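Trainee: Sequence and predicted structure are below.
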Amino acid sequence: MDLKPLLVLGTGLALATGIAAQGADSKQQALVDKHEKKLASEFLKKAAWFTDYDKARAAAKKSDKLMFGYFTRSYAP
Amino acid sequence: MLFCHITTRIEDQKYSKLLGQKGGRGFPHIVAMDASGNVLAKHKGPRNADGFKSTMEQGAETKVELATLKKKAKKDKNAAIELFEKRLGLGHLTAAQARKHAKTLDIDSLDADRAKEIKGLLAGMEFGEIMAGVTRDKKTQVAAGKKCAAMIKAGRIPSDRSASMNFWYFTSIYAEKAKDADLYGKAVAFFKDAKGIRPQFVKQLEATLEKLKKGGGTSK
């Protein structure tokens, strides 16, 4: 039995899966980078913003204050 | 307390659905919330310091109003219903919670207009849960439309304008796919009556309806 075609196919599949996985990883990394960039926005530095929902609620409870909630996104303007 | 939530498309992001849970459908979405995260007011005015201040003041008033109604509601059915309506409008309840509350409050015993309004809000919430599963994939839109068709059959139709637009749009998508001229006709009737709809869009819908009536299907 000639195993060469199977070996070639197997290698090709492994390469394709590896490339697809790498592609998915790099997309995720790009999204992580965008998120980091958004977290470094000027407006977030100018006042005491919470970006963690749990921490914001805990602080609001402790100080008996309302929350000003601003919802934005990192993946598009 | 300033809180900024950044929605991302990163897998397994914590609170990835928070925007939708706080009634947001687009960006930016600005709300006043209590310390438990319940929305007290949605920002609608100008996006400046005065506008935001006004929203927060409205939120503070709503907080007091809700606390007062909660106390009264223990003994007064009207207060209980008013509290329910306010919480419904602010998105404090899931559709399942709202339906459960509505049963205990016996909404059907109210005057017809008020009962209709509340049922319309409940239908809007139910549709909101259907919408959460819709993507650009046409199959999800058809599936959503099928659920809308079931709601129409059961007499559960959203009253909120924004919900209604999407509700009837997805209904029309499903009706066209299912070649259901009657259902499609209902969607057309809605858009013909609705304000702010482009006449060309209505003409398109009417043309599709004619094709469905003739049994020829459509070009899609």
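Mentor: Ah, there it is.

Trainee: What about contact with chain B: does the longest strand that chain A contains have any residue there?
Mentor: Scanning chain A for the longest strand, with DSSP state E as the assignment, gives strand A:67-73. Yes. Interface with chain B: strand A:67-73 contributes A:67-73 (CB under 8 Å from any CB of the partner chain). Placement of C-beta: from N, CA and C, glycine included.

Trainee: partners of that strand, with directions?
Mentor: Next to strand A:67-73 in the sheet, as set by DSSP bridges, lie strand B:2-7 (parallel), strand B:29-33 (antiparallel).

Trainee: Highest mean neighbour count out of those?
Mentor: Most buried of the strands paired with strand A:67-73 by mean neighbour count (mean count of other CB atoms under 10 Å in any protein chain shown) is strand B:29-33; its value is a mean of 23.

Trainee: next SSE after that strand?
Mentor: The helix or strand immediately downstream of strand B:29-33 is strand B:39-42, counting by DSSP states H and E.

Trainee: Could you tell me which residues within that next one count as buried?
Mentor: Neighbour counts using 16 or more other CB atoms under 10 Å in any protein chain shown place B:39-42 of strand B:39-42 among the buried residues.

Trainee: repeat for stretch B:4-21
Mentor: B:4-10, B:13, B:18-20.

Trainee: just stretch A:56-66 next, same as before
Mentor: A:56-57, A:59-60, A:66.

Trainee: Can you tell me which of those end up in helices?
Mentor: When the buried residues of stretch A:56-66 are checked against helices (DSSP state H), the matches are A:56-57, A:59-60.

Trainee: from those residues, which are also near chain B?
Mentor: A:56-57, A:59-60.

Trainee: Spatially central residue for chain A, please.
Mentor: A:V32 (3.7 Å; CA atoms, centre = their mean).

Trainee: you'd agree it is up against B:R9?
Mentor: No. Contact criterion CB atoms under 8 Å: A:V32 and B:R9 do not qualify, at 10.2 Å.

Trainee: Give the closest residue to residue 65 in space, chain neighbours not counted.
Mentor: Went with chain A since none was named. B:M1 (4.8 Å; CB to CB, 6 or more residues apart in numbering or on different chains).

Trainee: The intended chain is chain B.
Mentor: Using CB to CB, 6+ apart and skipping the chain neighbours, the partner closest in space to B:E65 is B:K86 (7.2 Å).

Trainee: Is the one you found located within a helix, as I assumed?
Mentor: Yes. Judged by DSSP: H, G, I helix; E, B strand; the rest coil, B:K86 forms part of a helix.

Trainee: quick one: pLDDT of it?
Mentor: Model confidence at B:K86, given as pLDDT, is 91.

Trainee: again, but for A:H35
Mentor: 93.

Trainee: Tell me the spacing between the residue nearest to the centre of chain A and A:K55.
Mentor: Distance of A:V32 to A:K55, computed by CB to CB, to the nearest Å: 20 Å.

Trainee: B:Q21 too?
Mentor: The value you get for B:Q21 to A:K55, if CB to CB is used, is 18 Å.

Trainee: ok, which stretches of the chain are helices?
Mentor: You didn't say which chain, so I picked chain A. Counting by DSSP H, the helices of chain A are A:4-39, A:42-46, A:53-63.

Trainee: ah, I was thinking of chain B
Mentor: Ranges of helices in chain B, per DSSP H, are B:18-21, B:49-73, B:77-90, B:95-105, B:112-131, B:138-153, B:161-177, B:181-193, B:199-213.

Trainee: ok, back up a step: including distance to B:P199 and pLDDT, could the ones in helices among the buried residues of stretch A:56-66 go into JSON lines?
Mentor: Output for these, formatted as JSON lines (distance: CB to CB, whole Å; pLDDT from 0 to 100):
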{"residue": "A:A56", "distance to B:P199": "46", "pLDDT": "97"}
{"residue": "A:R57", "distance to B:P199": "48", "pLDDT": "97"}
{"residue": "A:A59", "distance to B:P199": "52", "pLDDT": "97"}
{"residue": "A:A60", "distance to B:P199": "48", "pLDDT": "97"}
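
Trainee: May I ask which two of those are separated the most?
Mentor: Greatest spatial distance in these: A:R57 and A:A59, 7.4 Å, computed using CB to CB.

Trainee: Need the CA coordinates for stretch B:201-211. CSV is fine.
Mentor: The C-alpha coordinates for stretch B:201-211 follow below in CSV (Å, rounded to 0.1, in the frame of the first residue of the first chain):
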residue,chain,number,x,y,z
PHE,B,201,-39.5,50.2,1.2
VAL,B,202,-43.3,49.8,1.4
LYS,B,203,-43.6,49.5,-2.4
GLN,B,204,-41.0,46.8,-2.3
LEU,B,205,-43.0,44.9,0.3
GLU,B,206,-46.2,45.4,-1.6
ALA,B,207,-44.6,44.0,-4.8
THR,B,208,-43.4,41.0,-2.9
LEU,B,209,-46.8,40.5,-1.4
GLU,B,210,-48.4,40.5,-4.9
LYS,B,211,-45.9,37.8,-6.0
